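In: have a look; sequence and predicted model below, questions after that.
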Amino acid sequence: MGKFVHFKCRMIHGLRIKNGKATYVSRYVKTSRLQQEEFFGSTKFLKIGDMKGFFWLTHVHLANSEADVIKILDDGDLQTLGILDYDRRLGHSFTAHPKIDPVTGREMFIFGYSQMVPCITYRVISRNGFMHDPVLIKVSEPPLMHDFAITMNYAIFMDLPITKNARFGVLPRYAMNEQQIRWFELSNCCIFHNANAWEEGDEVVLITCRIQNPMLEQLASTVEGKVENLIIELYEMRFNMKTGLASQKKLSRARIDFPKINEYYTRRKQRYVYGAVIDNVLRVNGNVKFDLQAASKTGKGKSEAGGNVKGIFEFGAGKFGSEAIFVPKEPGISSAEDDGYLICFAHDENSGKSMAMVIDARTVSVDPVAVVDLPTRVPYGFHACFVSEVSAD
C-alpha cells in the first residue's frame, strides 16, 4: 500500500492504493501566493516566459516554485496544516528537489537561491529534523538552479548563466563554509533535473538532463512547432577532483527530461534511469527506460528500443501525462534495481478522461499492470513522490 502524490500549480493529487482498491483526492496547497490571488480574484504573479528583457530581471524570483516556504500536508486527506520553518531556522527558499540519503539514516540535503549575494544557501537536515547552519555559496550572478545532487562525500551545485560556460561546484557535503568548493566548467547549457550522482575513483559522476539551446519563449510555448528545435537530452558529466578537468557525453537521442531512479540508489552508482519523453509542445507522451551500462545510440530522432534504451511506454494517440516515479517492490537494494513499478497520471484528450497507470519497471511493457480510472480531470503537471504505509504512519 502507498500513496502516489503529484504536484501541479500548487495543487496536490493523491492516489492511495490498498488491498486492490484505489482512493483519489486532490486539494490546493494553501500557499501565500494562492491566498493572495484568491483575495484579489485573479492571477497576480508571473510565470516563466513572461519575464523577458531587462525590466523583468528584477522580478524573476516570483516565477519559481521555490518562491514559497514548504508546507506540511496531512498524509490522509492532503489538507494544508501550516508552515514548516524548522524552529525559525529556515529563512530562505527551499528546493523542490531535496535529496535524502538512504544509507545514513534519512538525512536530508537542501538548497535555496535568491537574487541577493551570496545567492545560494546550502543546508543539511539531520534525521531528527534539526536544520544545521547554512553554508553560503557565492556566484557572480543570480542563478536559475532548480535541482542539485549528492554523492557519498559531495554536494553538486550548478551555476548556469545560459550565455556563458556552465559551472558545476563540488562541495564536501558536510562543509562548514564554501572555501572547499571546486568549480568545473563545461559548455553553456541549462539543466532543470538531475537523475543521480556518485563517485568513481577521482571522479564525481553526474547523470542529468541537459538543455542545449534554452529559450524562455520555447519553455513557455504551447503552440505546435515552437519547441521542435529544443534539445533536452540525457547526459553523463564527469568532474575529476584530482586534475580539475570536466567532461561530458550524450546518452540519449530524444527529448528527455524528469529523470527518475530507484531512490534507494541515491548517491550510489546505479544502472537504470527512467525519463519522460517530451513532444513538440512540451507534453509528456511516454516514459523510457535507459540502461547506463549499455552503449547509447546518439543523434537526433525519436526514441526507439535498442542500445541503451531498454523499453518505451507510450500513452497512445491523444493521450499525455506526467513523468513516472519508481516504486520498488521491496525496500533497500537486496533485490534487483529495476524490480518495481512505474506510476504516473495520464489524460485522454479524445475521451476527456484521466487515469493513473501502473507499469512494470523491468519490461516497461506497452500493457500496463493496472489502470485506475479517475473521477475528475488531472491537469498536466510534473513531480511526484511515493509514500509507503510504513512511512506514512
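Out: It's in.

In: show me where this protein has its helices.
Out: 32-40, 216-220, 389-392 (DSSP state H).

In: how far does the longest one sit from its chain's centre?
Out: Its chain's average C-alpha position is 26 Å from that of helix 32-40, according to CA atoms, centre = their mean, to the nearest Å.

In: lowest average pLDDT across the helices of the chain?
Out: For the helices of the chain, mean pLDDT drops lowest on helix 216-220, to a mean of 57.

In: pLDDT weak spots in this protein?
Out: 1-10, 39, 43-76, 82, 214-228, 281, 298-305, 389-393 (pLDDT under 70).

In: would you give the sheet partners of the strand with the most length in it, along with the direction of each?
Out: Secondary structure of the chain per DSSP state E: the longest strand is strand 190-200. Sheet neighbours of strand 190-200, with direction, are listed as strand 203-211 (antiparallel) (DSSP bridges).

In: name the residues that touch the strand it pairs with?
Out: Residues outside strand 203-211 that contact it (CB atoms under 8 Å, 6 or more residues apart in numbering): 149, 151, 154, 156, 168, 170, 189-199, 230-241, 248, 251, 256-259, 269, 273, 275, 292. For glycine as for every other residue, the C-beta is placed from the backbone atoms N, C-alpha and C.

In: and that strand, how far from the chain's centre?
Out: Counting by CA atoms, centre = their mean, strand 203-211 comes out at 13 Å from the chain centroid.

In: quick one on the thing from earlier: buried stuff in the longest strand of the chain?
Out: 190-199 (16 or more other CB atoms under 10 Å).

In: with stretch 244-255 instead?
Out: Buried residues in stretch 244-255, counted by 16+ other CB under 10 Å: 246, 248, 251-255.

In: can you check stretch 124-134 too?
Out: For stretch 124-134, burial by neighbour count (16+ other CB under 10 Å) applies to 124-125, 131, 134.

In: before we move on, what about stretch 14-30?
Out: The neighbour-count check on stretch 14-30 (16+ other CB under 10 Å) flags 14-17, 24, 26-27, 29-30 as buried.

In: also stretch 357-371?
Out: Within stretch 357-371, judged by 16+ other CB under 10 Å, the buried ones are 357-362, 364, 368.

In: how far does it stretch from one end to the other?
Out: Start-to-end span of stretch 357-371 (CA to CA, to the nearest Å) is 5 Å.

In: who touches that stretch?
Out: Under CB under 8 Å, 6+ apart, the answer for stretch 357-371 is 272, 274, 287-289, 310-315, 321, 324, 326, 336, 338-346, 355-356, 372.

In: how about the residue nearest the centre of the chain, what does it touch?
Out: Closest residue to the average C-alpha location of the chain: His193 at 4.8 Å, with CA atoms, centre = their mean. His193 makes contacts with 97, 146-147, 208-209, 257-259, as judged by CB under 8 Å, 6+ apart.
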